[in-house]
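# need a 3D model of the following:
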Amino acid sequence: YKEMLLKNPNAGYNSQWNPRRVWLTAIKESNSRLHIQGKAKDHDDVAELLKRLNLSRVFKGVRLQRNSLVKDKKLGLKVIQFSLACKVNH
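Numbers count the residues shown, from 1 in each chain. The predicted structure is shown next:
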């Protein structure tokens, strides 16, 4: 991780990030492929989640499949709805 940061200081995670700004609405696993759907407060939160999953040894090939700004009826707020897929190393 330290070596990676020396090459690219922006590659690291944000230590100030609040993970409560992201919530998962569906998780499916099939044949070591994981599909996650969720919502986030903003695009930066989705980006931070992707970065952290990519830095993990458990998740490989994390790819954002979709993200869009939607109005959450329960919250009455605009949020980012997203889906992503990756491989899971068990």
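# where along this protein do the strands fall?
Using DSSP state E, the strands of the chain run over 22-30, 33-40, 59-72, 77-88.
# among the ones you listed, which comes closest to N14?
The closest of the strands of the chain to N14 is strand 22-30. By C-beta to C-beta, the value is 12.6 Å. Backbone N, C-alpha and C define where each C-beta goes, glycine included.
# follow-up on the earlier one: got the strands of the chain as CSV, with mean pLDDT columns?
Listed next are the strands of the chain as CSV, based on pLDDT from 0 to 100:
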stretch, mean pLDDT
strand 22-30, 97
strand 33-40, 98
strand 59-72, 96
strand 77-88, 97
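# now the ones you listed as TSV including mean neighbour count and distance to N10?
Output for these, formatted as TSV (neighbours: other C-beta atoms under 10 Å; distance: least, C-beta to C-beta, whole Å):
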stretch	mean neighbour count	distance to N10
strand 22-30	11	20
strand 33-40	17	20
strand 59-72	12	17
strand 77-88	17	20
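# for K2, find the nearest of those strands.
strand 59-72 (20.6 Å).
# now the angle from that closest one to strand 77-88?
For strand 59-72 against strand 77-88, the angle by axes from the mean of the first three to the mean of the last three C-alpha atoms, to 10 degrees is 160 degrees.
# turn the strands of the chain into JSON lines, including distance to S15.
Shown next, in JSON lines, are those (distance: least, C-beta to C-beta, whole Å):
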{"stretch": "strand 22-30", "distance to S15": "16"}
{"stretch": "strand 33-40", "distance to S15": "18"}
{"stretch": "strand 59-72", "distance to S15": "20"}
{"stretch": "strand 77-88", "distance to S15": "22"}
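# go through those and name the closest to E3.
Comparing these under C-beta to C-beta, the one sitting nearest is strand 59-72, at 19.0 Å.
# show residues contacting that closest one.
When contacts are defined by C-beta atoms under 8 Å, 6 or more residues apart in numbering, strand 59-72 is touched by residues 34, 39, 43, 46, 50, 53-54, 77-89.
# who does it pair up with?
Using DSSP bridges, the strands paired with strand 59-72 are strand 77-88 (antiparallel).
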